[in-house]
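>>> sequence first, predicted coordinates after that:
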Amino acid sequence: MIKRNKQVGQFRIADDVTGANDIYSNLRPRFLHELIGREKEKRIFSMMVESVKMRRKDGEKEAVLDHILLYGPPGLGKTTLAYVLANELGVNIKITSGPAIEKQGDLVAILTNLEPGDILFVDEIHRLKKNIEEVLYPAMEDFKVDIVLGQGPSAQSVRLNLPPFTLIGATTRVGLLSAPFRDRFGVLQHLDFFSVKELAEMIKRLVYLDKISMDERAILEIARRSRGTARIAIRLYKRVKDFARAYGSKDRITQKMVQEALELLGIDKLGLDELDRRILEAIIKRFNGGPVGLKVIAATVAEELDTIEDVYEPYLIRAGFLKRTPRGRVATKKAYDHLGLLKHG
């Protein structure tokens, strides 16, 4: 069970997620066996957790998990997996993010406040500054941290011992981590998109917790339009419930209601939203299907490049609407067909 932790400086520390009251918090699995899908990850992390427990039984009281780097598109459960591992080992988890750590002293304050066995979860770890990243090198390898006391010629470097801990980093852009930093993680685990069946299981759990009735076809309709992403499935489910309430049918939701609600939101049958379609239409109509660079696409649709690259492009490529080439992005025949456009040339 994860305990409520104190505040350390400006950083948000994890609350006791097991005490959450709303159903969406209760949906979050607490142990590995409760995870929907993720069979490969469950086997890997179960093995690691059991190894730590056995080492502790054998007298190695301060045995901890090796450092873990989780990477993949947003909304696939990287934070949830960190909570699950903390629960499996019965340890505290403390949370921060790369952009929140502005100075080396900020990171040192967090590290020196850890207790033996704690998990430190750093979201968007690719956004750590280089000098801050380097503070983590001895911390990860030797559980030590160097601090400088004083200034000028009288300054002294002091090495402090840290309790054994596990760093879990989450990133959508693993390529932005430097090789020396990336190599210090004992496990690099890629999280892929969920299947429609797995998303349907998550929605069924929500329906059960909500104590409402929803047709099997309605559940599958939401799952198919959720882009393989748990976070999106939950969001669409909430909006469908809002729609049903507004029309006085909150206790029984049909496939037709789901279709009407998602069409109102601009989510089509394959899960594409307005920006997805604008991206594809820009490539097809303005650049004859590509190839075209990502910066040009971002400027054309007036959206941040990082948003397109991290949030939209992975699904469009996986779903077969886009191809990456050395010269840029190219729209596929499936994109033309889906938008009802003719391919020229």
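Here it is on my side, so go on. Numbers count the residues shown, from 1 in each chain.
>>> is Leu280 in contact with Ala335, as I believe?
Yes. Counting by CB atoms under 8 Å, Ala335 is a contact partner of Leu280 at 4.8 Å. Yep, even glycine has a C-beta here, placed from its N, CA and C like the rest.
>>> now for those two: what residues contact both?
Listed as contacting both Leu280 and Ala335 by CB atoms under 8 Å, 6 or more residues apart in numbering are 321-322.
>>> so Asp192 is in contact with Gly72, correct?
Yes. Asp192 lies in contact with Gly72 (CB under 8 Å); the separation is 6.5 Å.
>>> who's more crowded, these two?
The neighbour count for Asp192 versus Gly72, taken as other CB atoms under 10 Å, is higher for Gly72 (18 against 15).
>>> all helices of the stretch 1-150 of the chain, in order?
23-27, 39-57, 78-89, 104-112, 130-142 (DSSP state H, counting those that start in this stretch).
>>> using TSV, lay out the ones you listed together with distance to Thr325, mean neighbour count and mean pLDDT.
Compiled in TSV, those are given as follows (distance: least, CB to CB, whole Å; neighbours: other CB atoms under 10 Å; pLDDT from 0 to 100):
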stretch	distance to Thr325	mean neighbour count	mean pLDDT
helix 23-27	39	15	59
helix 39-57	30	14	91
helix 78-89	29	22	92
helix 104-112	40	18	86
helix 130-142	31	16	87
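>>> quick check: closest non-adjacent residue to Leu272.
His338 (7.4 Å; CB to CB, 6 or more residues apart in numbering).
>>> name the SS class of that neighbour, please.
Following DSSP: H, G, I helix; E, B strand; the rest coil, His338 is assigned to helix.
>>> again, but for Ile232
Recorded secondary structure, Ile232: helix (three-state DSSP).
>>> surely it touches Arg224?
No. With contact defined as CB under 8 Å, Ile232 does not count as touching Arg224 (11.5 Å).
>>> what segments of the protein are strands?
Remark: strands assigned in the chain by DSSP state E are 68-71, 93-97, 119-123, 144-149, 156-161, 166-171, 187-190, 213-214, 252-253, 322-325, 328-331.
>>> how many neighbours does the residue nearest to Leu272 have?
20.
>>> pLDDT score assigned to it?
The model reports His338 with a pLDDT of 88.
>>> distance of it relative to Lys241?
Distance, His338 to Lys241, using CB to CB, to the nearest Å: 28 Å.
>>> between Ile232 and Arg224, which one's more packed in?
Ile232 (21 against 17).
>>> the more buried one: what's it in contact with?
Residues near Ile232 by CB under 8 Å, 6+ apart: 75, 226, 271.
>>> tell me the pLDDT of it.
91.
>>> for Ile110, see how far away it is.
Counting by CB to CB - Ile232 and Ile110 are separated by 31 Å.
>>> just to revisit the earlier point, would you turn the strands of the chain into TSV with mean pLDDT and mean neighbour count?
Listed next are those as TSV, based on pLDDT from 0 to 100; neighbours: other CB atoms under 10 Å:
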stretch	mean pLDDT	mean neighbour count
strand 68-71	94	24
strand 93-97	91	21
strand 119-123	93	24
strand 144-149	75	14
strand 156-161	76	10
strand 166-171	93	25
strand 187-190	92	15
strand 213-214	87	20
strand 252-253	84	19
strand 322-325	89	16
strand 328-331	90	22
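>>> in CSV, list the ones you listed along with distance to Ser51.
Formatted as CSV, the strands of the chain follow (distance: least, CB to CB, whole Å):
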stretch, distance to Ser51
strand 68-71, 13
strand 93-97, 19
strand 119-123, 16
strand 144-149, 24
strand 156-161, 24
strand 166-171, 13
strand 187-190, 12
strand 213-214, 41
strand 252-253, 45
strand 322-325, 38
strand 328-331, 43
